[in-house]
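Visitor: need a structure here:
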Amino acid sequence: MSGPERIIFGFHTVLARLRAEPKSVLEVFLDEARKDARAKDFAAQVERAGARLMRVPSSRLEGMAGGGRHQGVVARVEAHSQKQTLEELLESLKTPPLLLVLDGITDPHNLGACLRVANAAGANAVIAPKDHAAGINATVSKVASGAAEITPYFMVTNLARTLADLKDRNIWIVGSDSSAPESLFAVKDLPNSIAWVMGAEGVGMRRLTRESCDLLVRIPMGGAVESLNASVAAGICLFESVRRRLSKP
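Guide: Modelled structure (predicted):
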């Protein structure tokens, strides 16, 4: 193989990679003890995709997945590489951009959940700083339930500069901040071209990131808790954009 490789696991994750980039799937390992309908259907899909399928003991899968919940399915794949730069992706869009920016999300489970909700909302890409974020690994892929294999994830060297570049493209930078005076649901003119910025739970965005925002809004909280998990907050904000787009004539 010419490039680096990594391990992914779980039915949804492996099937998503098979559908998106079948040639990047080097080997698929299936628990030899699984004879159920789901395993049989999965094996048939692997074979149709032209990937190599091997049935192995569960103990081998445990070792490959590092103790992760593999569901009896593990695959060895080529490390995912972006086919486009962020600039190329934005140039190719035919509709107003919907982006998710993560500042300080270092937990793989949190990143995986954010990628999943971003994909569900139809976000065009997820952006994070290289020096203050989790990268894509097997845990992220499993939590993302396939979204990590198809949702563009750009790790940028300088997040503040990237946000400035987005502004130059008339994309509004809107941050979710619990201390913001204006409620998300009360904002009247939420732009269609938007990059939602989420900070880490309990910490929020870094100062330069906050200062880069065109607008700060808070999610109204009616209970005793003071903050939401980043993926939950991201889902609320992204789908508010979706709701408003759909409600416009």
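
Visitor: and residue 109, how far from residue 152?
Guide: Distance of residue 109 to residue 152, computed by CB to CB, to the nearest Å: 20 Å. From N, CA and C alone the C-beta is placed, and that goes for glycine too.

Visitor: the more surrounded of these two?
Guide: Shown here are residue 109 and residue 152; by other CB atoms under 10 Å, residue 152 has more neighbours (19 against 15).

Visitor: ok, the more buried one - contacts?
Guide: Neighbouring residues of residue 152 by CB atoms under 8 Å, 6 or more residues apart in numbering: 82, 84, 86, 89, 124, 125, 126.

Visitor: that's a strand at the last one, yeah?
Guide: In other words, residue 126. Yes. Read with DSSP: H, G, I helix; E, B strand; the rest coil, residue 126 is one of the residues of a strand.

Visitor: mind starting the numbering at 52 from now?
Guide: Sure, I'll start numbering at 52, so the last one becomes residue 177.

Visitor: which residues are contacting stretch 265-275?
Guide: For stretch 265-275, the surrounding residues in contact (CB under 8 Å, 6+ apart) are 218, 223-236, 238, 261, 279, 284, 287-288.

Visitor: change it to 10 Å
Guide: Stretch 265-275 is contacted by residues 214, 217-218, 222-238, 240-242, 245-248, 256, 261, 278-279, 283-284, 287-288, 291 when judged by CB atoms under 10 Å, 6 or more residues apart in numbering.

Visitor: sorry, back to before: just give me the least confident of the contacts of residue 203.
Guide: Here the lowest pLDDT out of those sits on residue 133, with 65.

Visitor: how about the contacts of residue 203, which pair is most distant?
Guide: Greatest spacing in the contacts of residue 203, by CB to CB: 135 and 177 (13.8 Å).

Visitor: which residues are common contacts for those two?
Guide: Counting by CB under 10 Å, 6+ apart, the residues touching both residue 135 and residue 177 are 203, 205.

Visitor: of the two, which one has the most company?
Guide: More crowded of residue 135 and residue 177, by other CB under 10 Å: residue 177, with 26 against 13.
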